[in-house]
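Asker: Need a 3D model of the following:
(chains A and B)
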Amino acid sequence: MDLSVEMPGLHLKNPIMPASGCFGFGREYSQFYDLSLLGAVIMKAATREERYGNPTPRVAETHAGMLNAIGLQNPGVENVITNEVPFLAKYNTSIIANIAGSTLEEYEFVARAFNDSPNVDALELNISCPNVKEGGIQFGTDPAMAARVTEVVKRASNLPVYVKLSPNISDIVSMAKAVESAGADGLSMINTLTGMQIHLPTGKPLLANSTGGLSGQAIKPIAIRMIYEVKQKVNIPIIGMGGISTAEDVLEFLLAGASAVAVGTANFQNPFICAELIEALPSTLNKYGFNSLQDTIGKGIAI
Amino acid sequence: MIKKERVRIQTKRKIAKDTIEMVLENKYISSIAIPGQFIHIYVDGHTLRRPISIANVDQDANTLTILFKQLGSGTEQLACSPEGTILDVLGPSGNGFQMDTGNSTILLIGGGIGVPPLYYLGKSLIEKGMKIISILGFQSSEYVFYEREFQELGENLIVTNDGSYGEKGFVTDVVHTIDHIDCYYSCGPIQMLQAVTQSLPTTRGYISLEERMGCGVGACFACVVPSKKESGYRKICKDGPVFNAEEVKL
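Answerer: Numbers count the residues shown, from 1 in each chain, chains lettered A, B, ... in the order given. Model prediction:
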């Protein structure tokens, strides 16, 4: 079955890609399977300078999910370009660079750096990291700020820009429309939801950062609902994510309006998950009466 | 190399309060695991795997032994798995202990559920002809395990916080009673490792760290420890869990 998808800057052989932050820069997972199987890889977020991230504990398990507060630890964009992109470029897969920052200038710097380097096919603009004190989420919760950073990044780069939206807002549609108007080529949704867990033996928040981003199966219905709402109001494609762990989940996202999907937390439980989903997808689509991937996108939307 | 393996629970027994010993059968992991490495166990219905250090390996029998404490719903459920259950395991994971060479005298310092990896290490060092002395610390008498096993490796001291068994106090209270050592290896709670590294500042030492893990393969940056030598962090699951005591800031 033809699983290919065309999106701005991305000619994906299939719609499956590991989500940013859950796959590093691919090295560790390349010991488990050939990364050329993947539609794309979304790299861990890069910032202008190296970032050390938050103190530990940085993760906590929850029912059907987990909280994380890594804090955008990364070696800095120049290091990513010099040491990580060339490794991924050896594989026959698309490379999406996730870019983060605390200021407009930083976003611009990182976007320009990737634009000037080979092998990166698209940018994912991270305006929704809930785990850093400055930047990230402030751009992701105010439509005017989101539009502003999207414009800046679009100007700084010729690469298509997928804006990663935060679910930690009441009106996802206005946010999606704001970044579409600002020139976004696509959307990536959803990032994690802010949450907290109290550790009973100490009576204090378990995460050193107190709050963290909730991911995993628990957030899937929220992602599906938000994609479903947004798809009807924007004309740019959506990379869907949030709790995907089976081929049925993938189909659900496609029907809700995603053109491709990213898999995050499930990689931790099963390092082979992306490869297994790619293998299982054709029979799952067949089972529900679809003959191609294209036929499924947005077909769940009741008009 | 880490593989995803099916591992059969061969035997299971409670060896101390809240503490379970399991002998697991798997040819691949038992044939290559070195002391200090861990396995990452999937527990049905739980998002994150449980990292548990390898306490012993029997290559002839294709088995590895793990010990763990029942601390939460994941380890409770694992403890309830009957013998014969097949577990989904990633491993062997991480870097193990760098083993000393020569006729050294080695001090093993373990605290609580940090004791198990030191047993496989001690056995391996004995085979290399080294002299082993061990100090094991536990909360109280009901938590003590593997005393006889460590006695078979060499001189052994047990310390309990409340004095209900062995010496009263912490492992660092008795470290000074050991005359001469060439190298130490330690695993236990972070406070204990801090005290151990401070009380043996001039002795070569290796420590094994524990932290809440995400992926367990080095991709997610959840389990990190600040590095002393270079700026930034080391990954506990991939660069560790064993580090040179000089290498990381506790």
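Asker: which residue sits closest to the residue of chain B found nearest chain A, ignoring its sequence neighbours?
Answerer: Taking CB to the nearest CB, chain A has its nearest neighbour within chain B at B:A219, 3.7 Å off. Using the backbone N, CA and C atoms, a C-beta is placed for each residue, glycine as well. Spatial nearest neighbour of B:A219, chain neighbours left out: A:G24 (3.7 Å); criterion: CB to CB, 6 or more residues apart in numbering or on different chains.
Asker: same thing with A:Q73?
Answerer: Nearest non-adjacent residue to A:Q73 (CB to CB, 6+ apart): A:G53, at 3.1 Å.
Asker: quick one: contacts for that neighbour?
Answerer: A:70-73, B:221, B:224, B:233 (CB atoms under 8 Å, 6 or more residues apart in numbering or on different chains).
Asker: just the residues you listed now: which is nearest B:S208?
Answerer: B:V224 (15.2 Å; CB to CB).
Asker: quick one, what contacts that closest one?
Answerer: B:V224 neighbours (CB under 8 Å, 6+ apart): A:53, A:56, A:58, A:73, B:211, B:233-236.
Asker: Can I get those residues in TSV including distance to B:T202, pLDDT and secondary structure?
Answerer: Shown next, in TSV, are the contacts of B:V224 (distance: CB to CB, whole Å; pLDDT from 0 to 100; DSSP: H, G, I helix; E, B strand; the rest coil):
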residue	distance to B:T202	pLDDT	secondary structure
A:G53	33	91	coil
A:T56	28	93	coil
A:R58	33	96	coil
A:Q73	33	93	coil
B:E211	27	92	coil
B:Y233	26	89	strand
B:R234	23	94	strand
B:K235	28	95	strand
B:I236	25	96	coil
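Asker: on that earlier part again, what about the residue nearest to B:A219, neighbour count?
Answerer: Look at A:G24: counted by other CB atoms under 10 Å in any protein chain shown, it has 24 neighbours.
Asker: What of A:D249?
Answerer: A:D249, neighbours per other CB under 10 Å, totals 22.
Asker: what pLDDT does it get?
Answerer: What the model reports for A:D249 is a pLDDT of 98.
Asker: quick one: contacts for it?
Answerer: Applying CB under 8 Å, 6+ apart to A:D249 gives the contacts A:220, A:243.
Asker: secondary structure element for it?
Answerer: helix A:247-256 (DSSP states H and E).
Asker: what packs against the next helix or strand after that helix?
Answerer: Counting by DSSP H and E, the element after helix A:247-256 in chain order, helix or strand, is strand A:260-263. Contact here means 3 or more CB pairs under 8 Å, 6 or more residues apart in numbering or on different chains; DSSP states H and E; on that basis strand A:260-263 packs against strand A:16-18, strand A:238-241, helix A:247-256, helix A:273-287.
Asker: Residues in contact with strand A:260-263: which ones?
Answerer: By CB under 8 Å, 6+ apart, strand A:260-263 touches A:5, A:7, A:10, A:12, A:15-20, A:22, A:39-40, A:42, A:188, A:237, A:239-241, A:244-245, A:250, A:253-254, A:273-274, A:277.
Asker: go again using 6 Å as the cut-off
Answerer: A:5, A:12, A:15, A:17-19, A:42, A:239-241, A:244, A:250, A:253, A:273-274 (CB atoms under 6 Å, 6 or more residues apart in numbering or on different chains).
Asker: same question, stretch A:19-28
Answerer: A:29, A:35, A:41-45, A:84, A:88, A:98, A:241, A:262, A:264, A:267, B:217-219.
Asker: Please flag which of these sit within helices.
Answerer: Judged by DSSP state H, helices contain the following of the contacts of stretch A:19-28: A:88, A:267.
Asker: for A:A60, what are its contacts?
Answerer: By CB under 6 Å, 6+ apart, the contact set of A:A60 is A:67, A:197, A:206-207.
Asker: What segments of chain B are helices?
Answerer: B:27-32, B:73-80, B:116-127, B:147-153, B:171-175, B:190-199.
Asker: Nearest to chain B: which residue in the stretch 1-150 of chain A?
Answerer: A:G24 (3.7 Å).
Asker: Tell me where chain A has helices.
Answerer: So, for chain A - with DSSP H - the helices run A:77-79, A:85-89, A:104-115, A:137-140, A:143-156, A:172-181, A:220-231, A:247-256, A:266-269, A:273-287.
Asker: Nearest to B:D18, out of these?
Answerer: The nearest among the helices of chain A, by CB to CB, is helix A:266-269 at 25.5 Å.
Asker: Can you give me the neighbour number for residue 196?
Answerer: I went with chain A, as the question did not name one. 16.
Asker: that's the wrong chain, I wanted chain B
Answerer: 27.
Asker: Might you enumerate the residues of the stretch 201-303 of chain A proximal to chain B?
Answerer: A:216, A:268 (CB under 6 Å from any CB of the partner chain).
Asker: State which one residue of the stretch 201-303 of chain A is found closest to chain B.
Answerer: Counting by CB to the nearest CB, the stretch 201-303 of chain A gets nearest to chain B through A:F268 (4.5 Å).
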